[in-house]
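1. Okay, sequence plus prediction incoming.
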Amino acid sequence: MPGNAAKTRFLREFPESLHDGTGAIFVGAGVSMAAGYPSWSELLTDIGSEIGVNSRDILDLAALAQWHIRETGAATGVRNVIRREIGLERPLPDVVQTLARLPVRHIWTTNYDRLIERAFTEIGRPLTPVSSASDLSLKAAPGAARLYKMHGTVDRLDDIVISTDDYELYRTKRKAFLPLLEAHLSSMSMLFIGLSLTDPNIRHVLSLIRESFTDAPPEHFAILKPPKADEFKTDGEFKARLAQHNLWARDLRRYGLVAVEVDGYDEVPELLREVERRVASKRVFVSGSWPLAPGIDHTARIYAMAEAIGKLIGESNRDLVTGTGLLIGPAVVSGFMAALRTSGGWDIDRRLIARPFPQPIPGKSADKAQWTALRSEMARMSGVSIFLGGLKMDAVAPIAAGGVIEEFELARAAGSFVLPIGAFGGAAEQIARGLVGSAIPYSGPRPGRPLDEEINTLMDIDATDTKLLATVKSILDRLATAS
């Protein structure tokens, strides 16, 4: 399949799989190398020297580890090298940080390092690592993704797969991983990142796939980087490796892998960010507030509109992102849940993303930094941000809510499409007036706001609720078609 066609297909299908909860990711050695960890050949340089072998001349690096263990009588030397080189905490590459933000529940890797664990910890997302067969029987933390380190981890060097013996005895010592891997390959779309032609771990995984699916393996995607001339000492060496890569990339079809080629690994973070954006396009963040105080107009209409918007989001197969509040948040959630219940798709755990804002006890100040962090997270994970109301009480009168204004600014910074319903006043009206005639694009590949006439319709205090909701639906439908 030509490169551009494969990439187009990948960007169309894999984000859909993630949104549907059927996307998985396999992380190979190239991701660790992007963080500064050594390649397999570099890792075993000293090991090879000790027994008179140049690791660059050896394709079967597992055999090199096996030879060293046999010659020295123990695996201590190999394990010490791994501890010294892989035990370091190197900076997290963009690829891993983006991966941690994707709505993926199952991640597989043959890498020993802790990059993925650290990336999840950095954003406060729960992750349950599984590095031995016995770990598979442990229950994952509620809502946590699972990381299957099928060849072990640097934290437990006495139980890693490194030598020929380890690979050959895999079915005896770590066989519990295999039916689960086979199940995920059968029922999910898996993205392979960081595959390397010379990585013995990947060759092992491909052989397991081939063994499980001899006739028609399920289709998956693999991001590959062809070799470049400046990576080799001679033109002949480059041409030989390029020919080898091209043959290997085509051969991956035997394992059900569609090759998505990039010119350099620096393209991979942007490719994954595009996946993140496309997943986000399925999520709608509803921002707003409304005081429950005597004499405030439109309270009943605001509740009804928020509930109708939640129902619209659910009916259009989108996910809802919301905070918590006294009026708008519960109303949106109520409408959203009603839509899911009507459609029979009661998958709230996947489609409802709620972030409660801890309220201070009387006499104490709110944790504004924590609130900003929560708002930033909601804005980043949402492709569309709807603003409704945005009013709060000060000492004597209602005013525009500063928190809603902040959420708008964070949404714009995250590249979210902003959609204010300004007919009821408050911060939403303030946002809408600022958008009319602004330089934010309303068309093209990444529109950021509605058309001016749509914004004006949504600001019209005389517009019926039916007209307001129809305008919102029209905008969301257009965005769905564009994506």
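-> Now that the structure is in, tell me what you want to look at.

2. can you give me the strands in the stretch 201-350 of the chain?
-> 220-224, 257-261, 283-289, 319-323 (DSSP state E, counting those that start in this stretch).

3. Distance of the nearest residue to Val262 once chain neighbours are set aside relative to Ile202?
-> Nearest residue to Val262 in three dimensions, chain neighbours excluded: Lys225, at 5.5 Å (CB to CB, 6 or more residues apart in numbering). Every residue, glycine included, has its C-beta placed from N, CA and C. According to CB to CB, to the nearest Å, Lys225 stands 14 Å off from Ile202.

4. cool, Leu271 as well?
-> 19 Å.

5. start to end distance for stretch 459-472?
-> The straight-line separation of the ends of stretch 459-472 (CA to CA, to the nearest Å) is 12 Å.

6. Pull the residues that contact that stretch.
-> Contacting residues not belonging to stretch 459-472 are listed as 301, 304-305, 308-309, 312, 386, 419-423, 429, 432-433, 454, 457-458 [CB atoms under 8 Å, 6 or more residues apart in numbering].

7. Write the ChimeraX selection for whichever of these are buried.
-> In ChimeraX syntax, the buried subset of those is picked out as below (16 or more other CB atoms under 10 Å):
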select :305,308,309,312,386,419,420,421,422,423,429,432,454,457,458
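
8. Show the model's pLDDT score for the residue nearest to Val262.
-> On the pLDDT scale, Lys225 is placed at 80.

9. and stretch 417-437, what's its mean pLDDT?
-> Averaged over stretch 417-437, pLDDT sits at 96.

10. again, but for stretch 182-201
-> 81.

11. Around Glu117, how many other residues sit close by?
-> Other residues lying near Glu117 total 18 when counted by other CB atoms under 10 Å.

12. Run through the residues that contact it.
-> Glu117 neighbours (CB under 8 Å, 6+ apart): 127, 129, 147.

13. Let me have the residues you listed in TSV, extended by pLDDT.
-> Converted to TSV, those look like this (pLDDT from 0 to 100):
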residue	pLDDT
Leu127	94
Pro129	94
Leu147	96
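
14. which among those residues end up buried?
-> Burial by neighbour count, 16+ other CB under 10 Å: within those this picks out 127, 129, 147.

15. May I have the beta-bridge partners of the first one?
-> What that stands for is Leu127. Beta-bridge pairing for Leu127 (DSSP bridges): Ala145.

16. Is it in contact with Tyr148, as I believe?
-> No: Leu127 lies out of contact with Tyr148 (CB atoms under 8 Å); the separation is 11.2 Å.

17. hmm, back to that, just the strands of the stretch 201-350 of the chain: most buried one?
-> strand 283-289 (a mean of 29; mean count of other CB atoms under 10 Å).

18. Tell me which other helices or strands that one touches.
-> Strand 283-289 is packed against helix 299-315, strand 319-323, helix 328-343, strand 384-389, helix 402-413, helix 426-435, with contacts defined by 3 or more CB pairs under 8 Å, 6 or more residues apart in numbering; DSSP states H and E.

19. Paired strands for it, with orientation please.
-> Applying DSSP bridges to the sheet, strand 283-289 is found paired with strand 319-323 (parallel), strand 384-389 (parallel).

20. right, and the ones you listed - which one's nearest Gln66?
-> strand 319-323 (48.6 Å; CB to CB).

21. what's the angle from that closest one to helix 328-343?
-> Taking axes from the mean of the first three to the mean of the last three CA atoms, to 10 degrees, one finds strand 319-323 and helix 328-343 inclined to each other by 160 degrees.

22. Quick one: the strands in the stretch 51-200 of the chain, in order.
-> 106-109, 127-130, 145-149, 189-193.

23. helices and strands around the second one, which ones?
-> Spelled out, that is strand 127-130. In terms of contacts (3+ CB pairs under 8 Å, 6+ apart), strand 127-130 is packed against helix 115-122, strand 145-149.

24. ok, now the last one?
-> For strand 189-193, the contact count by 3+ CB pairs under 8 Å, 6+ apart identifies helix 3-20, strand 23-27, strand 220-224 as packing neighbours.

25. Now distance to Lys239 too, for the ones you listed, in TSV please.
-> Shown next, in TSV, are these (distance: least, CB to CB, whole Å):
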stretch	distance to Lys239
helix 3-20	19
strand 23-27	29
strand 220-224	18
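
26. Just want the phi and psi numbers for the residue nearest in space to the middle of the chain.
-> By CA atoms, centre = their mean, the chain has its centre lying nearest to Leu102, at 1.3 Å. Main-chain dihedrals, Leu102, degrees, to the nearest 10: phi -70, psi 150.

27. these two touch, right, it and Gly21?
-> No: using CB under 8 Å, Leu102 makes no contact with Gly21, being 11.9 Å away.

28. what distance separates stretch 186-200 from the centre of its chain?
-> Centroid separation for stretch 186-200 versus its chain: 16 Å, with CA atoms, centre = their mean, to the nearest Å.

29. Show me where the stretch 301-450 of the chain dips below the pLDDT cut-off.
-> 345-346, 358-367 (pLDDT under 70).

30. which residues touch Ile28?
-> Check again: residue 28 is Gly, not Ile. 109-111, 192-196, 199, 201-202.

31. Out of those, which comes closest to Pro218?
-> For the contacts of Gly28, the nearest to Pro218 is Phe192 (12.9 Å; CB to CB).
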